[in-house]
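Engineer: Give me coordinates for this.
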Amino acid sequence: MTTLDTHWFTEICEEGGSAFSLRIKRKLHEEQSPYQRIEIFETEKFGNLMVIDGFVMLTGRDNFLYHEMMSHPALFTHPDPKRVVIIGGGDCGTLREVLRHDGIEHALQVEIDERVTRISEKFFPELCESNNDPRAEFYFGDGIKWMAEAAPGSVDVVIVDSTDPIGPAKGLFTEAFYRDCFNAMGGHGVLVQQSESPLYHMRILKPMHAAMRAAGFDDTASLFYPQPVYPSGWWTATLAVKGGPAGEFREQAAADKSFETVYYNAGLHRGALAMPEFFRKALED
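Structural biologist: This next block holds a predicted model:
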């Protein structure tokens, strides 16, 4: 649920009994794509704001938190990632972060709504700076169908950069989808999915861990990080690992990374794996 007056955009989270507002200068764009309503606002302090079907997707100011935590932990958890598939991620920020890794040979972005990418190219060009990288490929279509048809052993890392589990994204939070991801991976593989707020959405997180393990993954772990513009301001990305533990990663390689980040580093990766007591107990119940 959202409200909008002359000066503020507000997203209301009914289940959390909370709301988040951004002061806006003006609306820059609005359209109804074949899949969803996309709006772009210019805010006073958070840069441009993308809203889809009334929900905040990203801002120019704090998207680095999400994009870095959705990409680098998974890539440093895999022993030698070369082939990455991003399901969703139409704003291209996750793709940009993936391609900072020199060892990546191919990164395919599977986004159902091409308009999200084209609008991002106009209003968030900094996120799309790697779109012309020769290692990048775009496929605009159904990510669930694509993964079901993927060749066994053809993928090292799958990043599910999706919206909330409603509408077209609902099928991305199922055991059947996770099994397709598992089957597309070789002997080692890492799946990471945005997994909502640990404060508000344990009803999503607990079944997600169970479904990933039921699909065949050896281990799972949620990473905790701040995200000011999302409900509660506290967010997670959940890892599922084939052929190894989810809590171990190439720590020295992360410490010696050859590229700059705004948030991510090896220490933050290690810290993000620490599990709050209420979360641990909820998973065990």
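
Engineer: which residues touch Phe20?
Structural biologist: Thr10, Glu11, Cys13, Val56, Pro228, Val229, Tyr230, Pro231, Gly233 (C-beta atoms under 8 Å, 6 or more residues apart in numbering). To be clear about C-beta, it is placed using only N, CA and C from the backbone, and glycine gets the same treatment.

Engineer: Can you tell me how far it is from Phe9?
Structural biologist: Per C-beta to C-beta, to the nearest Å, Phe20 is found 9 Å from Phe9.

Engineer: do Phe138 as well
Structural biologist: 29 Å.

Engineer: Looking at those two now, which is surrounded by more residues?
Structural biologist: More neighbours surround Phe9 than the other of Phe138 and Phe9, with 22 against 16 (other C-beta atoms under 10 Å).

Engineer: counting contacts, what elements does whichever strand or helix holds the more buried one pack onto?
Structural biologist: Following DSSP states H and E, one finds Phe9 within strand 8-13. Other helices and strands packing on strand 8-13, by 3 or more C-beta pairs under 8 Å, 6 or more residues apart in numbering; DSSP states H and E, are strand 2-4, strand 18-32, strand 48-52.

Engineer: tell me the pLDDT at the nearest residue to Leu95 once chain neighbours are set aside?
Structural biologist: With sequence-adjacent residues excluded and distances taken as C-beta to C-beta, 6 or more residues apart in numbering, Leu95 is closest to Gln109, at 5.3 Å. On pLDDT, Gln109 comes in at 98.

Engineer: residues near Gln109, how many?
Structural biologist: Neighbours of Gln109 using other C-beta under 10 Å come to 25.

Engineer: contacting residues around it?
Structural biologist: Contacts of Gln109 by C-beta under 8 Å, 6+ apart are Ile86, Gly89, Gly90, Cys92, Leu95, Thr117, Ala136, Glu137, Phe138, Tyr139.

Engineer: out of these, which are buried?
Structural biologist: Buried members of the contacts of Gln109, counted by 16 or more other C-beta atoms under 10 Å: Ile86, Gly89, Gly90, Cys92, Leu95, Thr117, Ala136, Phe138.

Engineer: Reformat those residues as JSON lines; add distance to Leu49.
Structural biologist: Listed next are the buried ones among the contacts of Gln109 as JSON lines, based on distance: C-beta to C-beta, whole Å:
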{"residue": "Ile86", "distance to Leu49": "22"}
{"residue": "Gly89", "distance to Leu49": "18"}
{"residue": "Gly90", "distance to Leu49": "15"}
{"residue": "Cys92", "distance to Leu49": "17"}
{"residue": "Leu95", "distance to Leu49": "20"}
{"residue": "Thr117", "distance to Leu49": "17"}
{"residue": "Ala136", "distance to Leu49": "25"}
{"residue": "Phe138", "distance to Leu49": "24"}
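
Engineer: just checking, which of those residues belong to helices?
Structural biologist: Leu95, Thr117 (DSSP state H).

Engineer: which pair in the buried ones among the contacts of Gln109 spans the largest distance?
Structural biologist: Gly90 and Ala136 (13.3 Å; C-beta to C-beta).

Engineer: Please enumerate the strands of this structure.
Structural biologist: Here the chain has its strands, by DSSP state E, at 2-4, 8-13, 18-32, 37-43, 48-52, 55-59, 83-88, 106-111, 136-140, 155-161, 185-194, 219-226, 234-242.

Engineer: need these in a markdown table with distance to Tyr66, can you?
Structural biologist: As requested, those are exported to a markdown table (distance: least, C-beta to C-beta, whole Å):
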| stretch | distance to Tyr66 |
| --- | --- |
| strand 2-4 | 20 |
| strand 8-13 | 16 |
| strand 18-32 | 15 |
| strand 37-43 | 17 |
| strand 48-52 | 12 |
| strand 55-59 | 7 |
| strand 83-88 | 12 |
| strand 106-111 | 16 |
| strand 136-140 | 19 |
| strand 155-161 | 9 |
| strand 185-194 | 7 |
| strand 219-226 | 8 |
| strand 234-242 | 7 |
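
Engineer: looking at those, which is closest to Gly267?
Structural biologist: strand 219-226 (12.9 Å).

Engineer: Would you indicate which residues of the closest one are buried?
Structural biologist: Asp219, Thr220, Ala221, Ser222, Leu223, Phe224, Tyr225.

Engineer: For Glu175, the count of nearby residues, please.
Structural biologist: Applying other C-beta under 10 Å, we find 17 residues neighbouring Glu175.
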